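Peer 1: A structural model of the following input is requested.
(one chain, ligands or ions: 1)
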Amino acid sequence: MDLMRSVRDQTDETEFHTPLPDGYQLGQTRYVAVFGTVMSGLGKGIFSSSVAKLLKDKSLRVSPIKLEGYLNIDSGTLNPYRHGEVFVLDDGMECDMDLGTYERMLDQNLSRENFATSGQIYRNVLDKERAGDYLGRDVQMIPHVTGEVKLRLRELAVKTSADVVFVEVGGTVGDIENAFYIEALREMNYEEGAGSVLFVALTYVLRPPALGEQKSKAAQLGIKRLMESGVHPHVIACRCETPVTDKVRQKISVYTNVPLQRVFSMHDLPSIYMLPEQMREAGLDSEIVQLLDLGARVNSATDARAALEWQEFTARLARPEHEVRIGITGKYTALRDSYASIIKALEHAGGANRAHVKVEWIDTTDIDDDNVAERLAGVDGVIVPGGFGVRGTAGKIAVVRHVREQGIPYLGICLGFQMAVVDYARNVCGLDDADSTEINPDCEHPVVSILPEQKQIEGLGGNMRLGGQDVVITPGTLAAELFAADAAAGEASGRVRERFRHRFEVDPEYVETLEEGGLIFSGRHPEHPIMQILELSRDVHPYFIAAQFHPELTSRPLTPQPMFRGLVAAALARRHETTGQPAC
Ligand code: GLN
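Peer 2: Okay, the predicted model is just below:
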C-alpha cells in the first residue's frame, strides 16, 4: 500500500490513522519484533539483545525498545521482588531490567525512548484526545492506540537513525495486556512493505522428567496462537534446558512453515554471553541480514574483529582459573532478578580477573554482632547492595562493621554506602546514636538524611535523585586508582559518570567528623557537598569502598565497572592468602 498517500488522505472521513514522525523515510528502517509464546520468562530480551549485538558488530545501527503491557508509566514504583530490579538509565528513566540486558550486550547507553508501557501509550492517546487531535473521531484501540504504538517505534527509528529497531513485546501471546502491541506490529508489517519487518517467536520446548524426551506440542500451540493474530514468524527460537533435537526442530518447522535453518535451539548455556556465538555458529545472523536485505550495509571487517574480541571474553568465562565467593546481603528467597545487574557486574569482573564468582546470599534480618562472624564464614568479599526501608538494616550495619574490622573486601552500594557511614559514625567516631533518618527519624546524629536544600540545588524537589551524574574523584585515592585503570571511564578529567537512585545522603555537617575519624570521601558532586564515594586507606584495610550511586548499572562485559573489578581482585588476593592456594 502507498502509506504516504494514505497518511495524506487521513481525515475525519477515513478509517486510517497512521501518524508518521517528521523525517520518517519509509523503507529505510528495518524492524525485528520478538514475541513470547507458551510462558513468560523465556529470555526474549536476551535473545533480542544477542541478535542486535550481532548486527551491531556488522556496523549496523541498532536500537531496541521494550513494550511493556502494564499500565504503570515507568518501573519506578514496582516491587523488585515481584518484577525484577528497577534499571535506571542515564536520563533518569526507571525501567525494566531487560533494558540493562540491552545496554550490557550492546555496550550502548539507552534512553527513555527505548522503553514504552501501555500506561505511556494510553496517556499519550488520552492527552491527544483532550487536545482535539482526533478530528471528531471516536477514539479506538484500532487505529488510534495501535497508531500510537507505531508512532513510538517510528519516532525511535528517526531519533536514533537506526538501521534496525528491535521490538520486544512484553508478556506472552494471548495476554489481554499486549494484544494491541501484536496488532500494531501486524499493521507495521503491512505498512512498511515486504522485507522490512521480521517476526521472531520465542517458544518453550517441554522436557517432562517422567518422559525424558522433548515435546513440541506446547510450542506448536503457542506459535499457532501467534499466527491467529496475523503474525507469521520468520524465525522461531526454542528455549529448552538441553539442545533441541533435530526431530523437534523439524516438527516445529513442518507445523509452522518456518524453514528448519530458522528454527533455532536456544538451550541453557553457562552464561548468556555465550548466546551470540551460538547464533553466529547456527548462521542466524546471516539469515536475518538476508531476510531484511541488509547485506549492502554490512561491514564484515568490524564483524570479524568484534567476534574475536567477544570470543576472548567468553573463553575467559568458560575457563576460569580461580574461584571466589562473594556474599551479597539480600533475602535468600528473593528472585535473583532483583539483583540482576549486580550478578552481571560480578560476572564481568570475574571475566577480567579470570575467576568464577560464586554468589552467597546473606539474609541480614537475624544477623547481629554475635553471629556475624559465623554467618560470613567462608566469603572472600561482601557486597551490601541498595535497598529501601528498615528491614534487615541492623544486620547490614553489623556486617559492615565485621568486614571493616576483619579486613574482608567490601563494596557498599547506595544503602550499603549509607550503612557504612552509620557504622563508622557509631563505632569509630563514637556517635552512639548515629543513624539514617530513613531508619530512625528521631536519632540524635542523623549522619544520613534527606536534605531539602540539596534537593533544591539538584532541582528535584522531594523526589528521588535519579539517573546519570558526574562524580569528581579525589586524586591519590583508591577510587582514583580504580577508575584510572579503566580507560573507558574518562579518568583523564578526574570525573566519572555514574547512575543514582536515592533520596537520602550524607549530611555535610558530619563530613568533617567522619574524615577526622579516618573515613575518606573520594568521590563528590562537582559543585555541592554531596558525598558520592567513601573508602578506607589501604594502610588500614585492603579494600573497603562504597558508592552512593549504583556501579552495577554501568558495568559492561568488556569494560567491567572498576569498583567491581577491584572487589573481585581483592577477594581473590584474600582467598590466596587464607587458603594458600587458589581454589578452582
Ligand atoms: N533507601 C536509600 C535512599 O533512598 C538507598 C536507596 C538505594 O539503595 N537505592 O537513599
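
Peer 1: which residues of the stretch 401-550 of the chain lie near the ligand?
Peer 2: Remark: the part of the stretch 401-550 of the chain in contact with the ligand comprises 414-415, 438, 501-504, using CB under 6 Å from any ligand atom. Placement of C-beta: from N, CA and C, glycine included.

Peer 1: and those, which of them are in helices?
Peer 2: Secondary structure defined by DSSP state H assigns residue 415 of these to helices.

Peer 1: who wins on neighbours among the residues of the stretch 401-550 of the chain next to the ligand?
Peer 2: If you count neighbours using other CB atoms under 10 Å, the busiest of those is residue 415, which has 26 neighbours.

Peer 1: now it. Nearest residue, chain neighbours left out?
Peer 2: With CB to CB, 6 or more residues apart in numbering as the measure, residue 387 is the residue that lies nearest to residue 415, at 4.4 Å, once sequence neighbours are left out.

Peer 1: any idea how far the ligand is from that neighbour?
Peer 2: Counting by CB to the nearest ligand atom, to the nearest Å, the gap from residue 387 to the ligand is 5 Å.

Peer 1: cool, residue 191 as well?
Peer 2: For residue 191, the distance to the ligand under the criterion CB to the nearest ligand atom works out to 42 Å.

Peer 1: ok so that residue is a helix residue?
Peer 2: Yes: the assignment for residue 191 is a helix, going by DSSP: H, G, I helix; E, B strand; the rest coil.

Peer 1: just to check, it is in contact with residue 147?
Peer 2: No: with contacts counted by CB atoms under 8 Å, residue 191 stays clear of residue 147, the gap being 10.5 Å.

Peer 1: of those two, who's got more company?
Peer 2: Relative neighbour count places residue 147 above the other of residue 191 and residue 147, with 23 against 19, counting by other CB under 10 Å.

Peer 1: so, low pLDDT: which residues of the stretch 1-150 of the chain?
Peer 2: Low-confidence segments of the stretch 1-150 of the chain, defined by pLDDT under 70, span residues 1-13.

Peer 1: would you map the helices across it?
Peer 2: 3-8, 44-57, 80-83, 98-106, 118-130, 146-160 (DSSP state H, counting those that start in this stretch).

Peer 1: how about the fifth one: buried residues?
Peer 2: Taking 16 or more other CB atoms under 10 Å as the basis for neighbour counts, the residues of helix 118-130 that come out buried are 118, 120-121, 124-125, 128.

Peer 1: return the helix or strand in this protein with minimum mean pLDDT.
Peer 2: None of the helices or strands of the chain scores lower by mean pLDDT, DSSP states H and E than helix 452-458, at a mean of 61.

Peer 1: for the next helix-or-strand element following that one, what is the distance to the chain centroid?
Peer 2: Following helix 452-458 in sequence order, the next helix or strand is strand 465-473 (DSSP states H and E). Strand 465-473 sits 18 Å away from the centroid of its parent chain (CA atoms, centre = their mean, to the nearest Å).

Peer 1: stretch 181-191 too?
Peer 2: Computed by CA atoms, centre = their mean, the separation of stretch 181-191 from the middle of its chain amounts to 27 Å.

Peer 1: just use 2 as the starting number from now, easier for me
Peer 2: Yes, from this point I'll number from 2; that puts the last item at stretch 182-192.

Peer 1: and the contacts of it?
Peer 2: 2, 4, 19, 27, 32, 34, 36, 68, 70, 142-144, 146-148, 150-151, 154, 168, 170-171, 174, 197-198, 200, 227, 230-232 (CB atoms under 8 Å, 6 or more residues apart in numbering).

Peer 1: next one: stretch 235-253
Peer 2: Taking contacts as CB under 8 Å, 6+ apart, the residues outside stretch 235-253 that touch it are 43-44, 48, 199-206, 208, 215-217, 220-221, 224, 257, 259, 261, 263-269, 285, 288-289, 292.

Peer 1: now the residues you listed: which count as buried?
Peer 2: Among those, those classed as buried by neighbour count (16+ other CB under 10 Å) are 43-44, 48, 199-206, 215, 217, 220-221, 224, 257, 259, 263-267, 285, 288-289.

Peer 1: so which of the residues you listed are in strands?
Peer 2: Of the buried ones among the contacts of stretch 235-253, the ones assigned to strands by DSSP state E are 199-205, 264-267.

Peer 1: turn those into CSV, including pLDDT and distance to residue 424.
Peer 2: Below are those laid out as CSV (pLDDT from 0 to 100; distance: CB to CB, whole Å):
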residue, pLDDT, distance to residue 424
199, 98, 54
200, 98, 54
201, 98, 49
202, 97, 51
203, 97, 46
204, 97, 50
205, 97, 46
264, 98, 55
265, 98, 50
266, 97, 50
267, 97, 45
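
Peer 1: I'd like these laid out as a markdown table, including distance to residue 313.
Peer 2: As requested, these are exported to a markdown table (distance: CB to CB, whole Å):
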| residue | distance to residue 313 |
| --- | --- |
| 199 | 30 |
| 200 | 34 |
| 201 | 28 |
| 202 | 33 |
| 203 | 29 |
| 204 | 32 |
| 205 | 32 |
| 264 | 30 |
| 265 | 24 |
| 266 | 25 |
| 267 | 23 |
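
Peer 1: and the residue nearest to residue 416, how many neighbours?
Peer 2: By other CB under 10 Å, neighbour count at residue 388 equals 23.

Peer 1: quick revisit: nearest to the ligand, of the helices of the stretch 2-151 of the chain?
Peer 2: helix 81-84 (10.1 Å; CB to the nearest ligand atom).

Peer 1: in the stretch 452-585 of the chain, where is pLDDT below threshold?
Peer 2: Across the stretch 452-585 of the chain, the stretches falling below the confidence threshold (pLDDT under 70) are 453-463, 487-494, 582-585.

Peer 1: which residue ranges of it form helices?
Peer 2: Secondary structure of the stretch 452-585 of the chain (DSSP H, counting those that start in this stretch): helices located at 453-459, 479-485, 512-517, 563-580.

Peer 1: helices or strands up against the second one?
Peer 2: This means helix 479-485. Taking 3 or more CB pairs under 8 Å, 6 or more residues apart in numbering; DSSP states H and E as the contact definition, the neighbouring helices and strands of helix 479-485 are strand 466-474, strand 521-525, strand 532-536, strand 545-548, helix 563-580.

Peer 1: tabulate the CA atom coordinates of the helix or strand hosting residue 304 in CSV.
Peer 2: Secondary-structure assignment from DSSP H and E places residue 304 in helix 301-319. C-alpha atoms of helix 301-319 as CSV (Å, rounded to 0.1, in the frame of the first residue of the first chain):
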residue,chain,number,x,y,z
SER,A,301,32.5,-7.7,7.6
ALA,A,302,35.8,-6.3,8.9
THR,A,303,34.2,-4.9,12.1
ASP,A,304,32.2,-8.1,12.4
ALA,A,305,35.3,-10.3,12.4
ARG,A,306,37.1,-8.0,14.9
ALA,A,307,34.1,-7.9,17.3
ALA,A,308,33.6,-11.7,17.0
LEU,A,309,37.3,-12.3,18.1
GLU,A,310,37.1,-9.9,21.0
TRP,A,311,33.9,-11.5,22.2
GLN,A,312,35.4,-15.0,21.9
GLU,A,313,38.3,-14.0,24.1
PHE,A,314,35.8,-12.7,26.7
THR,A,315,33.6,-15.9,26.6
ALA,A,316,36.7,-18.1,26.7
ARG,A,317,37.7,-16.4,30.0
LEU,A,318,34.2,-17.0,31.3
ALA,A,319,34.3,-20.6,30.2
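
Peer 1: roughly how far apart are residue 548 and residue 171?
Peer 2: Using CB to CB, to the nearest Å, one obtains 31 Å as the distance from residue 548 to residue 171.

Peer 1: cool, residue 362 as well?
Peer 2: Taking CB to CB as the criterion, residue 362 is separated from residue 171 by 28 Å.
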